[in-house]
Structures are given as C-alpha cells and as structure tokens.
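A.B. asks: Here is a sequence with its predicted model. Questions after.
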Amino acid sequence: MVARRQQTSASSQSVGFYKFVALTFLAITLILFGVIVFMSSKRAVITITTRPEPVDITTTIGVNADSARTIPGRVVTTTVSGTEIYHPTGNKEESGIAEGIVTLHNETTLDQPLVATTRVLSADGVLFRLKERALVPAGGTVDAAVYADAEGSGSDIGPAKFTIPGLNETKQALIYATSESAMSGGIRKIGSVSLEDIDKAKKLIAEELKENAKAALAEQVDSELSLSVYDVSDPVYTTDAEIGEEVSEFTLSATVTVVGIFVSPEEVNKLASDVLMSRAIDDAEYIEPSDAAPVVSLSSYDLEREEAELDVTYTGRATINPESRQLAKIAFYGKTKDEVRRYLLSLDHVYGVDVHLRPAWTQTIPHVADHVDIVVKQVAE
C-alpha cells in the first residue's frame, strides 16, 4: 500500500515537471515571437531636404597646344575690308536737301526716257528731281535716285506716289513714280567729330567685318567643329574726317584680319564637365551640371603654330550625394530622432530633416536595412 502511494507521488511530480517545462518553453516561444513581431514592425522613414548651391569653374583649354587640358581644332584667318558712313554726336541742326529712291513705272508699250532733273511731284505737292537720266522700260519699272527741289524738313516725307508733271496728262496716268521708304536729309544734324566718335565707328565696323567673315571662315573647317570664337587683328582704318571738324556724317574704311578658332563642342563640354565635377568634396557631394552650354572666350592664339587657348566658364549646382557613405543606412542604426537630426544638419547642403518612426512607441532607428527608408529631395526654389 505504501509502495503504491510512493509510485503515485513520483508520477505526479513527473507530470508537474513536464508541465512546467512545457509552459516555460511556451512562454519563451511567445516572448521570442513578440520580440520578432516587435522588431519586424519597427520602421523608419528619414526625409532629407537639400538646398543646392551654385558652383562654377573657369579653366583654360588649349587648342592643338601642349598643355594639361587640350583638344584638337582649327585656327584659321581671312582678311576683309569695308566702308561705312557714320554720324558724329550732333549738337545743332541745319537745313539740307532731302534725298531718296523712287521706283519709276511705265504702263505703256514704249520705253520712256527721262532726263536728269526731271520733276516728280508727290500728292502733297512736295517736288523732287531725278539725279541722273533714266530709261523706264515699256511695261516695266526702274529705280532712280531723287533729291528735293527745296531745302528743309518739309521734304522729309514718307512713302508716297508721285506724278511726273513734265509729261502730258494722258502719260501721267501711265508713267509715274512710287517710293517704299522715307525721304531724308531735309534737316541735318551737324556735330564736331570727336575721338570718341571715331573710336565708336572703329568698333562698329570691326564688329560688322567680323560678322561678315564668319561664313567664309566656317567654310574652311569640318562641320563637326561647330563651336567657334573670333578675334580681329591687324586693323587698318582710314577716315575722311578730322578731329574737331563739323560735319553731318563721315566715312570710315577698314581692313582687318579676322581669326577664327573652331573646336568640337562635345570636347569642350567633356573637359569643362570633368573640371566642374572635380570640385565635389569627396563622395559626400554631387555636382549637377547646368543645362546651359559652357561660355567660351578667346584667351590667346598663335597663327604660325595654329595654336590657341580658350577660357571656359561652366556652372552647376552642388548638392548632397544620396549614394554617399554619410547617408548609408548603417550610420543611423540605433539613433534617436534628435541624434539623426543633429547629424544630418551638420552635413553640407542639408536644409531640413524629418524622421518618422512607427509604431508610435518606437524610439530609435531599427537595425534592419529593409526597415529604413532614406528619401532625399530638393527644397523648392
């Protein structure tokens, strides 16, 4: 009887022990499951707002030159000449003879000769005369220069239709004149030619001759060398006016050598972009090139060696590099919101930081990469 009681007691203790072990295991399992659920539910979104800053570079690029940065190209020249009429800075007015161009019309079947000084009369009664003899072809037209019969501003008229009083009334209806542009010169501004007037005229004619030479220079080079800069050298100027002379206009003639440097825009863009990118501060910074092309100007050239140097200016915007090690997710593991903000705001180009954690009771950034999102956006300009 005693043995049976001892056996029952031992059996009860064994069952209790296994029950305790089972409950303990279940509790541990539930705790681990809870930890896993808690850890897997932790999420963090770090939003970084950046403010790009302008950055620019100016570098020298050699053309066919032995320098650190050089590209192939062409250095070509041409000589051009021209003559233009300019006006001094006027300070008084005087009466003059208005002049202009008319188109003579002949609607008859016979040619009509007109002698020099033939009168042409506007509908308003302003009289002009032909400068030279003209032959107006049957059924055709011819342009002719005319001058006013009287001095003064009254002859400065706009486009008009003219009769020819010297012809009979029948012919006047069929042979007549018209003008497309205004007559001018009835009032002339008289000024004393100054050194500034001459210098200004020289700059204007040099620029005009340079523009005229561009097409001729471009024909000497391959089409892929489409980026060009120009310079004017060895100018020779002559004028018919003396400094201090009072005139209404003066003539300036010039002969200049126009130099053209032709290079590939792709080559220039690549070198300028490389220099711009080198301004980045290690991998923490990213520089975004401008959409505008680099600005290129001529620094120097050697015609005999066919070499040149170009000054190139290129602009871009510097901002934080989203792929930099400073923004690697591991840098944020275990940090609080305040710690994340302080860290990020210490970096260049960071304008604002927002850290969103969930669930609400989460206090630190999770240690799981897939549970951390880093968003980089630029501040609206």
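C.D. replies: Received it, and whenever you're ready, just let me know what you need.

A.B. asks: who's in contact with the residue nearest the centre of the chain?
C.D. replies: By Cα atoms, centre = their mean, the mean C-alpha position of the chain lies nearest to residue 292, the distance being 5.7 Å. Residues counted as contacts of residue 292 (Cβ atoms under 8 Å, 6 or more residues apart in numbering) are residue 315. (Each C-beta comes from the backbone N, C-alpha and C, glycine too.)

A.B. asks: again with residue 134
C.D. replies: Counting by Cβ under 8 Å, 6+ apart, residue 134 makes contact with 104, 113-114, 118, 142, 144.

A.B. asks: hmm, which of these are the buried ones?
C.D. replies: By neighbour count, with 16 or more other Cβ atoms under 10 Å, those hold 104, 114, 118, 144 as buried.

A.B. asks: Look at the residue nearest to the centre of the chain and give its secondary structure.
C.D. replies: coil (DSSP: H, G, I helix; E, B strand; the rest coil).

A.B. asks: Report the separation between residue 130 and residue 165.
C.D. replies: Per Cβ to Cβ, to the nearest Å, residue 130 is found 13 Å from residue 165.

A.B. asks: higher neighbour count, those two?
C.D. replies: More neighbours surround residue 130 than the other of residue 130 and residue 165, with 21 against 12 (other Cβ atoms under 10 Å).

A.B. asks: what's the closest non-adjacent residue to that one?
C.D. replies: When the adjacent residues along the chain are set aside, residue 130 lies closest to residue 118, with 4.5 Å between them (Cβ to Cβ, 6 or more residues apart in numbering).

A.B. asks: The one you found is in contact with residue 167, isn't it?
C.D. replies: No. Using Cβ atoms under 8 Å, residue 118 is not in contact with residue 167, being 9.1 Å away.

A.B. asks: hmm, back to that, reformat the contacts of residue 134 as JSON lines; add secondary structure, distance to residue 356 and pLDDT.
C.D. replies: Formatted as JSON lines, those follow (DSSP: H, G, I helix; E, B strand; the rest coil; distance: Cβ to Cβ, whole Å; pLDDT from 0 to 100):
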{"residue": "104", "secondary structure": "strand", "distance to residue 356": "86", "pLDDT": "97"}
{"residue": "113", "secondary structure": "strand", "distance to residue 356": "96", "pLDDT": "95"}
{"residue": "114", "secondary structure": "strand", "distance to residue 356": "93", "pLDDT": "95"}
{"residue": "118", "secondary structure": "coil", "distance to residue 356": "93", "pLDDT": "96"}
{"residue": "142", "secondary structure": "strand", "distance to residue 356": "85", "pLDDT": "96"}
{"residue": "144", "secondary structure": "strand", "distance to residue 356": "85", "pLDDT": "96"}
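
A.B. asks: Those residues into a markdown table, with extra columns for distance to residue 194?
C.D. replies: Shown next, in a markdown table, are the contacts of residue 134 (distance: Cβ to Cβ, whole Å):
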| residue | distance to residue 194 |
| --- | --- |
| 104 | 41 |
| 113 | 47 |
| 114 | 43 |
| 118 | 41 |
| 142 | 41 |
| 144 | 36 |
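
A.B. asks: Could you list the domains of the protein?
C.D. replies: 1-41, 75-89+189-263, 97-185 (automatic domain parsing).

A.B. asks: Of all those domains, which one is nearest residue 372?
C.D. replies: Closest to residue 372 of these, according to Cβ to Cβ: domain 1-41, at 12.8 Å.

A.B. asks: where does this structure dip in pLDDT?
C.D. replies: By pLDDT under 70, the weakly predicted segments of the chain are 1-23, 25-27, 29-41, 90-91, 380-381.

A.B. asks: can you map out the helices along it?
C.D. replies: Counting by DSSP state H, the chain has helices at residues 2-41, 169-174, 195-218, 265-277, 337-345.

A.B. asks: List the contacts of the fourth one.
C.D. replies: This points to helix 265-277. The contact list for helix 265-277, computed with Cβ under 8 Å, 6+ apart, reads 55-57, 59, 61, 69, 71-72, 226-227, 287, 289, 293-294, 296, 310, 312, 314-316.

A.B. asks: Go ahead and build a ChimeraX selection from the buried members of those residues.
C.D. replies: This is the ChimeraX syntax for the buried subset of the contacts of helix 265-277, where burial follows 16+ other Cβ under 10 Å:
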select :55,57,59,61,69,71,227,287,289,294,296,310,312,314,315,316
